[in-house]
Every structure is written in structure tokens, then in C-alpha cells.
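Asker: I'd like to go over a predicted model; first the sequence, then the structure.
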Amino acid sequence: MTVLVIAEHDNASLKGATLNTVTAAAALGEVHVLVAGHNAAAAAQAAAQVTGVAKVLHADGPALENALAENVAAQVLALADGYEHIVFPATASGKNIAPRVAAKLDVAQISDITKVVSGDTFERPIYAGNAIATVQSQDAKKVITVRATGFDAAAATGGSAAVESVAAVADSGKSRFVSREVSKSDRPELTAAKVIVSGGRALGSEEKFKEVITPLADKLGAAIGASRAAVDAGYAPNDLQVGQTGKIVAPEMYVAVGISGAIQHLAGMKDSKVIVAINKDEEAPIFSVADYGLVADLFAAVPELTEKL
């Protein structure tokens, strides 16, 4: 079987989730990667170097520059006949494009898989990660999104795939790109960070959030995250939210400060390699998933920890 992976990229380099998706796809068969963009030769070359990739299909045209879902979906559909599996990262972009492809192919989408059992059977989390469903599809073509935290990243170097140019689709005319506002930070991107320090509602204010969390994150070279309660209270911006309705992360170390451990938050971080929890409530659910727990007043414990690092 040959599998088509839809690469996520910025026309210059691949996004990290693409590497995890390649690993998942490799369990299904020979991996081909579609790089659809504009002036994206560098991204196509980067995809060719990924270990496990047999071929890169490079579609280059103005309509694909900003990865508008309608245009990328049309590009995927133009190539779909040659593939039994079409695989996307389960990112905001992948979740935007994959359903369009599945609908046009008249098949059921298989979402957020964390394990490949066989060519037609997969595991995926349900009920905020509290249960794992094994799903089997009898559709001739399978449109799949991959939860990046469920698979190791493929090596970004070591491969030597051929790059083949394919005709780019024309603009669908259904949407147009207006502008993009990107927040800039010296910190690692949340979903790619090896260490994350997250704060919860117990911090009490935006000022305390910055005063307590930022110095610890600086010492650890960490990204900063937040619980939904902290975001809803205005202590941190939306793009820092970790959880089922935020970002799904699995860093080497996750430090939860003043986070009780609601189900929706645990669903977004419980696959972290090491979880450290600091909370004054010894009954807090976060301790049920923590590798190390400290029952203490965070306003005393975190500054002391930061000082000793």
C-alpha cells in the first residue's frame, strides 16, 4: 500500500507535526509526501530528507501559498486516486482540510489516531482521553488525522526521496487570504517544546501569572502554557491553552503550577514523559497523573524552586 501524507509547512520548512505523521504513515505502507505551496522548493527538499519518505510530490502555485483549505483539498483530491490512505496531522490546518477531502470522497474520516493496528484498524482516544476506541473502516479510501503526541517524530535527515513536480490546482475562488498575525516569542513553540511550565487559576491574576511562571520558565528554557480556567479568567492568552479544547502536548517535562487537573486539561498533557505538579490541595486530580507532586503554597514553593535552579 502507498500512503499520501499531507505536509504542513511554511513554504520554507516543515512543521514538526509532519514528522510524527510520517511515522504513523510508515506503519501503513510506502510513504509519499505532498508539499503543496508557492515557492516551496525548500520545504519539498526538507521533506525529501525525512527518513522513511519514498517520494515527495511538489505542487507549486499561487493558489496554494497560504494553504487555504479549499485549494489544498482540491490538490489532494487531484492525487487521491493513487492512494488508499490519505493522512494529515491533527493540527488546526489538518482538521480544516481533511473533512473536506473525506466529504468529497464520500468516506468517513478517522480522526486523531494514536496507534495503527492494521491497514484498516486504528486506535483513537475518546471521552477526553479516558477511553481508547479501536475503530475499523471498510471504506476503500481512508482519510486519517494523526495525533502527533501518539507517535515519535521521524528523523528530519537521512532520507533521500525523489522530488516529483505535479500540476498545481487553480484557485477555487471560494475564499481569499486577507492577513496573518503571528505572535512572536523567543520561547519554544508550545507543541514542540521539550519543557513546558503551565499555570492555573490558583495564580489569581495576570500579574501573578507572569511573576511566578515566567521566571521558572526562563530558568528551564521552557514554553509557557495555561489551563482553560486561567485563560478564561484572562491570566494568559488563548494560544497558551493546553487541553482538549486547546493544544495537545507531550513534552519531556510538564510542570503544572496551581492546576487542579480537570479532565479536559489532563487530556491535553497526560502523555508528557515526566509530569511535575505543585498544588496546595493534596486531593487535586493532577496528582493522579503526576510523576512528582509537591503539596505546597505555589507562591512560596515556585520562587524557591526558581532560586535553586
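Answerer: Structure's in. What do you need?
Asker: got the end-to-end distance for stretch 37-54?
Answerer: End-to-end distance for stretch 37-54: 20 Å, by CA to CA, to the nearest Å.
Asker: revised request: answer the last question for stretch 275-290.
Answerer: 5 Å.
Asker: how about stretch 262-279?
Answerer: In stretch 262-279, first residue to last residue: 13 Å (CA to CA).
Asker: go on, stretch 254-263?
Answerer: First residue to last in stretch 254-263 (CA to CA) measures 16 Å.
Asker: that one: how far from the chain's middle?
Answerer: Centroid displacement of stretch 254-263 relative to its chain, using CA atoms, centre = their mean, to the nearest Å, is 20 Å.
Asker: and that stretch, what's buried?
Answerer: Of all the residues in stretch 254-263, those buried under the rule 16 or more other CB atoms under 10 Å are 254, 255, 256, 257, 258, 259, 260, 261, 262. The way it works is simple: take the backbone N, C-alpha and C, and place the C-beta from them, glycine included.
Asker: quick one: least confident helix or strand in this structure?
Answerer: Using mean pLDDT, DSSP states H and E, helix 263-269 stands out as the lowest-scoring helix or strand of the chain, at a mean of 93.
Asker: residues contacting the following helix or strand past that one, please?
Answerer: Next helix or strand after helix 263-269 toward the C-terminus (DSSP states H and E): strand 274-279. Contact with strand 274-279 is made by 202, 252-261, 269, 284, 286-287, 289-296, 298, 301-302, 305, as judged by CB atoms under 8 Å, 6 or more residues apart in numbering.
Asker: if we use 7 Å, what do you get?
Answerer: When contacts are defined by CB atoms under 7 Å, 6 or more residues apart in numbering, strand 274-279 is touched by residues 252-260, 286-287, 289-296, 298, 301-302.
Asker: that one: which residues count as buried?
Answerer: Going by 16+ other CB under 10 Å, strand 274-279 has these buried residues: 275, 276, 277, 278, 279.
Asker: from the chain's centre, how far out does that strand sit?
Answerer: 22 Å.
Asker: list the buried ones in the helix or strand following that strand?
Answerer: With elements assigned by DSSP H and E, the helix or strand that comes after strand 274-279 is strand 292-295. Within strand 292-295, the residues that qualify as buried are 293, 294, counting by 16+ other CB under 10 Å.
Asker: and strand 292-295, what does it pack onto?
Answerer: strand 274-279 (3 or more CB pairs under 7 Å, 6 or more residues apart in numbering; DSSP states H and E).
Asker: partner strands of the strand it packs on, parallel or antiparallel?
Answerer: When sheet partners are counted by DSSP bridges, strand 274-279 sits next to strand 253-257 (parallel), strand 292-295 (parallel).
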